[in-house]
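Trainee: Provided below for reference: sequence and predicted model.
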Amino acid sequence: MELAFETRGSDSPWVDTVWTCTSERVTTMTSVAGVRCGLVFWEQDGRAHAGVTGPETRTGTAPVPEGATFTGIELAVGTALRAVPATTLVDSGIALPDTTRRTFRLDGARWETPCSDDAEALVARLVEAGVVVRDPLVAEVLRGHRPAVSGRTIERRFRSATGLTAGAVRQIERARRAAALLAAGDLVADVVAALDYFDEPHLARALRSYVGRTAGQLRGGVDGAIALDLDQRRTS
């Protein structure tokens, strides 16, 4: 196996998923559009690295170096880092300086580098210190609630918290949800109806833009590694 990629959900209200990846040789992975900021830690050739990841508005191909091991934390939608505006992270990311195998530096302090099992504990410490923040309005709107604020205020808050418009967040999340349902074996027509796509071509365009897979590929489980949890039928 060239690439071992695993992801799990989280019980923390601040964390969406935690993922790990190990590469035996140089390879590639299909990246998927996403609406979340996160932290990623990896080691290669005896050196430790850390970075902040941002929302991605399109699918693409991500290179994975040989002999690298990764641990990633995807924060819940609307959750971000105080010192790094989400708008600066869209389709981008930043490397964190002065990283060792034991610690990394973020927001002017040093923190213990986590493994998969203690990712939530790290985030809890960052929340307590005010390093990780969130806007509860974003999750409220995505759950279908209508806050007593103007549409302009909602859009401003979405852009501040996620770097994206509310419409873009919904489209990307819907495409990811569709991919998970198709990978679980749901029929294309059922996914179209369940997620309110106009028709099958509409779903196909969304998958092509945001996921990088066709419905047939997702249902057949083919075409290589993909940076998406296809085993969980979860919503945000």
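Mentor: The structure has been received and is ready for your questions.
Trainee: ok now the lengthiest strand in the chain, how far from the chain's centre?
Mentor: Once the chain is assigned using DSSP state E, the strand that runs over the most residues is strand 15-23. Chain-centre distance of strand 15-23: 10 Å, with Cα atoms, centre = their mean, to the nearest Å.
Trainee: and the gap between residue 181 and residue 115?
Mentor: Here the distance between residue 181 and residue 115 works out to 31 Å (Cβ to Cβ, to the nearest Å). From N, CA and C alone the C-beta is placed, and that goes for glycine too.
Trainee: okay, those two: which has more neighbours?
Mentor: With neighbours defined as other Cβ atoms under 10 Å, residue 181 and residue 115 compare such that residue 181 has more, 21 against 12.
Trainee: got a list of what that one touches?
Mentor: The contact partners of residue 181, by Cβ atoms under 8 Å, 6 or more residues apart in numbering, come to 190, 191, 194, 195, 233.
Trainee: for residue 131, state which of the residues you listed is nearest.
Mentor: residue 233 (31.7 Å; Cβ to Cβ).
Trainee: output the below-cut-off pLDDT ranges for the chain.
Mentor: Scanning the chain for pLDDT under 70 picks out 1-2, 26, 222-223, 230-236.
Trainee: okay, strands next: where are they in it?
Mentor: 3-9, 15-23, 27-31, 38-44, 47-53, 60-64, 69-75, 79-81, 93-95, 103-106, 109-112, 132-134.
Trainee: any idea which of the ones you listed gets closest to residue 146?
Mentor: Nearest to residue 146, of all those, is strand 132-134, at 19.3 Å by Cβ to Cβ.
Trainee: for the closest residue to residue 132 other than its chain neighbours, grab the count of nearby residues.
Mentor: With sequence-adjacent residues excluded and distances taken as Cβ to Cβ, 6 or more residues apart in numbering, residue 132 is closest to residue 126, at 4.2 Å. Close neighbours of residue 126, defined as other Cβ under 10 Å, add up to 22.
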